[in-house]
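Visitor: My questions are about this predicted structure, shown below with the sequence.
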Amino acid sequence: MGETISLNLNGEVREAKAGLTTTLLEVIRDQLGLTGAKKGCNQGVCGACTVSIDGKLARACLSLAVNSVGREITTNEGLTEDGEPSALQQSFIDNGAVQCGFCTSGMIVSSHALLQDIPNPSIDEVRDGLSGNVCRCSGYRKIIDAVRGVARG
Amino acid sequence: MVAEKTTNEMYQVGKSIPKVDAREKVLGRAQYIAELTRPNMLFGAMLQSPYAHARIIAYDTTAAEKVTGVKCVLTGDDFEDHKMGPFIKDEGAIAKGKVRYMGEPVACVAAEDEETARAAALLINVEYEELPTVLSPEAALEAGAAVLHEDLADYFKVFEAIAENNLMSYTEISEGDVDKAWDECDLIVENVYETQAQNHLSLEPCGALAEVEPDGLINLWSANQSVFRVQANVCECLGLPMSRVRSMTPKVGAGFGNKMEAHIQPLCVALALATKRPVKMILSREEDFETVRARHPFKIRCKTGVKKDGTFVAREVELLLDGGAFADDSPGVLGNATLMSVGPYHFPHAKAFGKVAYTNHLRFAAFRGFGNPQVTFAGEAQINDIADKLGIDPIDLRLKNVLAKGQQWFGGQKVDSNGIYECLEKVRVSSDWDNKRKNSGENGIGISVAGHISGLLATGAIVRMLEDGTFVLNTGATDIGQGSDTVLTQICAEALQIPIDRIRTATPDTDASPYNWGTTASRVTYTTGRAVVGAAEDAVRQIKDYAAIVLESLADDLELREGGMVGIKGANKEVSFFEIAAMTHWGVGGPIVGSHTLVFDQSTIDPKRAVAKGMPFTNIGVFTFAAMVSEVAINQVTGKASAEGAWYAVDVGQAINPGLVEGQIDGGYAQGLGYALFEEMIWDDGRLANPTLMDYKVPGTAEVPYDIDTTIVEHPEPDGPFGAKGVGEITLVTVPASICNAITHASGVRLRKMPFSPERVLNGIIENEIT
Amino acid sequence: MTEAGYFDPVSVDEVVALLAADDEAKCVAGGASLVAMMNARLVEPSRLVSLRHVEELKKIETAEDGWLQIGALVRHCDVAIADELADGNQILSQAASLIANPVIRDMGTIGGSVGHFDPAADYPVALSALGAEIEIASEKGRRRIPVSNFFVDWYETALEPGDLITCIRVPPPPTGSTGIYEKLAKVKGDLGIAMVAVIMAMQGDAVSHLAVSVGGCGPKPIRLPEAEQALIGGSIDEAAIQDLVGKLSTASDPVDDVRASAAYRKLLIPRLVAQAIGQAKVNLRDGS
């Protein structure tokens, strides 16, 4: 199934096999063991597979692996600090922003990007920034609190 | 009860500690079914029916079998005629002889990789002979309609079902004499309400992984709400003894009802048995939409009669449910809807009855609220119409008629914990109801109340002391994300008076866990919590017996002390759990295992008071209560209603973890909001027209207001764990009605059909302009 | 080093040569439309031509004839904040900002969206009101097609095999014009039930420019140049607006779909258009 490609993933060079239609999501989950990003719809709508590519947010399910070569890819796992929760991840824990957890990695990647752009976001700025990430459990309130909580320290 | 302390005296109960699984989830390390893998594992895929109703004439699997990497192709011919079902055993593992809905699995494939399996499944050729379809319950119940289950009369049923042709179940409950009571009424209002199908949309699609050990024992992991229901369903439809199947669960990406009964597990096990290799199947989002299950569409005729002063006299409710192609939980949903039709009110005369019919849709089944959101929408919208006609404030009218302390629920069950009156008073204040109701600005506010059940069936718990005096708690209850592992740990820690981190919660496993019917019916905190308290008490009794030896005292003179100590009342002398663990493991008696099981046994129907027919259950649960106010804004150009805020008061008996209760309120609100305003599964003839997230929309951050005010009301349930009862479903039940009533307040438009789409609101606005 | 069938050209000439060599070849830009279709097995390209290194397609620049040329690879997020889109032309930025969600706007490109042509998408209706052109390259050379001829029917454009959209050409905005883009969607970021784009300018009390386009209500955006023209020079009073919106509603050809009924869309068009024109008048009066 395809040829060997080399990806810049969370600051490391990782090799994987990819065919023409293999998505980045399939590669990172099935071959590279990074399973925080989820396949919730495979259509780019749910946001559970959100990653960062060259500093821009992207759906891993809509990103072809072969087209991701040479780009800097960051997943939720790449945002941890030596495997320990980052301030943002800890804020998700402390604010009760996690229920089933299926959306959580995508939420954190999107939130991280949001905080890079707007260090102290208002409630509505967080709502705008996360409008492409579906959570079916939480009603979003505690997620918004988590994002704003880390900004406030 | 172990403790009789009030909340602020309690040690672990009443504290919003973080969920015990939050850390692995934020790190992206939690393992769900899609992450699990076994050596030499194959992947399964299925072929779905292109017809809503057709006889299967022949299969041709040769092309699929020739594909490199394909190990096995199974069709209905490869399955014996066994059937499963929680109420009526009418469903096989796969279509056999005929298909009954479009999308139904008709064949499956196991191959070396998922892509090969999916491609091969499409190469299976099935010859069909189309049959006439029935696509609504009305059509299904017409004389001469095509019958879905020709053998319905012969199917095994767990209750005395009134079933014939396409009538799956009929239920009726009555109290007093409704027919005579109408004469006593000063005002009678009668309307018809309709509700739509809603998809659970658990973010994790359903999946399973099965492997057969050399001795024939089957290990099965799956996304589920009950490892025990999975085990039972798989064994029933494949004709296996339950001792052969071990059912387990990884982390579950939410349930809401869709993962309670079987989905893909039977096919996955069949493929593993046929190939003798592990097989994993993960449904695509489209397959999940098309084959798993959904919330029932209802048609509701609701008639309410009252006195001039607002006193409720009589209510009659008639229900018609689309049950889909298989019974699944439908008889239960009808039964619960019937029981909830009167709401948390005292009606001297009431009658509710209804039918659920087989149709050529996918099965409709359990979904957060279990038939209650539909009847609450109808009943609560109608009560607002009555309030308007009588010129009485909607909250005042409710306060006048809600169940008073000591009054029974419809059917006759006593209600011990009843905070409905207080809930109403709380939201009146928190929402600033009286001011907002007077100021008829652009926004409108609406009220609704509900009661719901919490409980049902059997459960157990084992509290086992480890060598160092810490514990494993094993209940078999699947945490589907709502936080039951955390809540049960808090209950256990309270009962043992030890810190949370001295308790590990075991993963549900039918080999090792005590029976637990499932994570459903708002029951885990209440029923499993009771079992945990009982098991902890059992352990404490044993601990005290051994402590009495060490302390040279009588067990009755001993008390638990915080942090894992047993001491003599009124004296400093004490012994630690560590010492008792060491003593029992190495010297005296044997390691401590506390256990407790129970089955919920309060009768739902009191035959001295009510007459019931076709009841699918006898003991459904205790009652939870909620009141909520919704605020909406209406766009006068488009008719689009948007939510602007919500105020809840929920009687949970006792919040074990208030933060998690808030999470249930917020989440129930969001899911109910989508249901009220725009979520709808739409069929075009027999084909589901929107089986994707592109076309089936759920609320995002833009749709759910941030301002959700939550008041937790605590009227302790006498036999609940530390007074607690459930909260999972009630938070959704009130939403459609409160939004409907808010739309009326904002626009003068009364909608009786869900969802409350821009089109329906705008048509109402235009109609009102004309008249 | 990479998968056979994957190409990573740097120039438009290379791209069109690759497309000419294989009818089944597909260009991949942001992936938002194409990869979703590949995942659903709706397309299975034999050859993928990545556009990511074709610098020419990433520019926003003003051509010699004064038209603004937005490269096909410009992402929605950048169209949404493009300073070059001024006055009435800002409707294109407004449309871009309402596409899907922040992540898709970071990925998706204007060329990909226009070429994919979902009649419920945002760009077509805005481009229709702008009177924009689509510039296309192929082995035969480059050509420009007005959007009125580019969007042909449901999901059908004037693109032929071997074609590559190079840029979207937008005429300079009418002096002093204002633009309104309105979209009604079930939820934020969803494809629209209906969209309206209005570009308007006035001199004194008289309308000097008017373009009204309606989307989501038929196979392609609806514009009625004659009806617009009839209002030029007038004061665009209530009667004039009612005349125009009635004609637009009559000209529309909506269908029932999972988002709304045809009947609702017929009802909606006059209301949305009247609101947008009213807002445009307010903007012009207030000088915003």
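Guide: Okay, I see it.

Visitor: How is chain B divided into domains?
Guide: Under the assignment automatic domain parsing, the domains of chain B span B:7-30+B:457-599, B:36-131+B:206-282, B:298-455+B:605-770.

Visitor: of these, which approaches residue C:193 most closely?
Guide: Closest approach to residue C:193 among these is made by domain B:298-455+B:605-770 (7.5 Å; C-beta to C-beta). All C-beta atoms are positioned from the backbone trio N, CA, C, and that covers glycine.

Visitor: end to end, how far does the closest one reach?
Guide: Start-to-end span of domain B:298-455+B:605-770 (C-alpha to C-alpha, to the nearest Å) is 30 Å.

Visitor: picking up where we left off before, dump the domains of chain B to CSV, plus mean neighbour count.
Guide: What follows is the domains of chain B, written out as CSV (neighbours: other C-beta atoms under 10 Å in any protein chain shown):
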stretch, mean neighbour count
domain B:7-30+B:457-599, 21
domain B:36-131+B:206-282, 22
domain B:298-455+B:605-770, 23
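
Visitor: Can you lay out these as TSV showing distance to residue C:87 and mean pLDDT?
Guide: Below are the domains of chain B laid out as TSV (distance: least, C-beta to C-beta, whole Å; pLDDT from 0 to 100):
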stretch	distance to residue C:87	mean pLDDT
domain B:7-30+B:457-599	47	96
domain B:36-131+B:206-282	48	98
domain B:298-455+B:605-770	25	97
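
Visitor: Any chance of TSV for these, columns distance to residue C:262?
Guide: TSV is the format used below for those (distance: least, C-beta to C-beta, whole Å):
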stretch	distance to residue C:262
domain B:7-30+B:457-599	40
domain B:36-131+B:206-282	24
domain B:298-455+B:605-770	11
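
Visitor: Of all those domains, which one is nearest chain C?
Guide: domain B:298-455+B:605-770 (3.6 Å; C-beta to the nearest C-beta).

Visitor: on that earlier part again, of the domains of chain B, which approaches residue B:137 most closely?
Guide: domain B:298-455+B:605-770 (3.8 Å).

Visitor: can you give me the helices in chain C?
Guide: C:12-20, C:34-39, C:76-79, C:90-97, C:102-107, C:110-116, C:122-130, C:147-150, C:225-231, C:238-251, C:262-286 (DSSP state H).

Visitor: Out of the domains of chain B, which gets nearest to chain A?
Guide: domain B:7-30+B:457-599 (2.2 Å).

Visitor: how far is stretch B:186-198 from where the chain is centred?
Guide: 24 Å (C-alpha atoms, centre = their mean, to the nearest Å).

Visitor: got it, and stretch C:241-259?
Guide: In terms of C-alpha atoms, centre = their mean, the centre of stretch C:241-259 is found 19 Å from the chain centre.

Visitor: which of the residues in it are buried?
Guide: By 16 or more other C-beta atoms under 10 Å in any protein chain shown, the buried positions in stretch C:241-259 come out as C:241, C:244-245, C:247-249, C:252, C:254, C:257-259.

Visitor: Residue B:564: which of those is nearest?
Guide: Using C-beta to C-beta, the buried residues of stretch C:241-259 come closest to residue B:564 at residue C:258, 58.2 Å.

Visitor: what secondary structure does the nearest residue to that closest one once chain neighbours are set aside sit in?
Guide: Once flanking residues are discounted, residue C:258 sits nearest to residue B:690: 4.2 Å by C-beta to C-beta, 6 or more residues apart in numbering or on different chains. The three-state label given to residue B:690 by DSSP: H, G, I helix; E, B strand; the rest coil is coil.

Visitor: is it true that residue B:690 touches residue C:259?
Guide: No: between residue B:690 and residue C:259 there is no contact under C-beta atoms under 8 Å: 9.0 Å.

Visitor: which bits of chain A sit near chain C?
Guide: With C-beta under 8 Å from any C-beta of the partner chain as the criterion, chain A comes near chain C at residues A:2-3, A:5, A:18-21, A:23, A:42-44, A:47, A:50, A:56-59, A:61-64, A:66-67, A:69, A:110, A:128-129, A:131-133.

Visitor: any chance you could map the helices in chain A?
Guide: Going by DSSP H, chain A shows helices at A:24-26, A:87-94, A:104-117, A:123-129, A:141-152.

Visitor: Single out the most deeply packed of these.
Guide: Highest mean neighbour count among the helices of chain A (mean count of other C-beta atoms under 10 Å in any protein chain shown): helix A:24-26, with a mean of 26.

Visitor: near chain B, anything from that helix?
Guide: No: using C-beta under 8 Å from any C-beta, helix A:24-26 stays clear of chain B, coming no nearer than 9.2 Å.

Visitor: who does that helix touch, helix- and strand-wise?
Guide: Judged by 3 or more C-beta pairs under 8 Å, 6 or more residues apart in numbering or on different chains; DSSP states H and E, helix A:24-26 has no packing partners among the helices and strands.

Visitor: State the mean pLDDT of it.
Guide: Averaged over helix A:24-26, pLDDT sits at 98.
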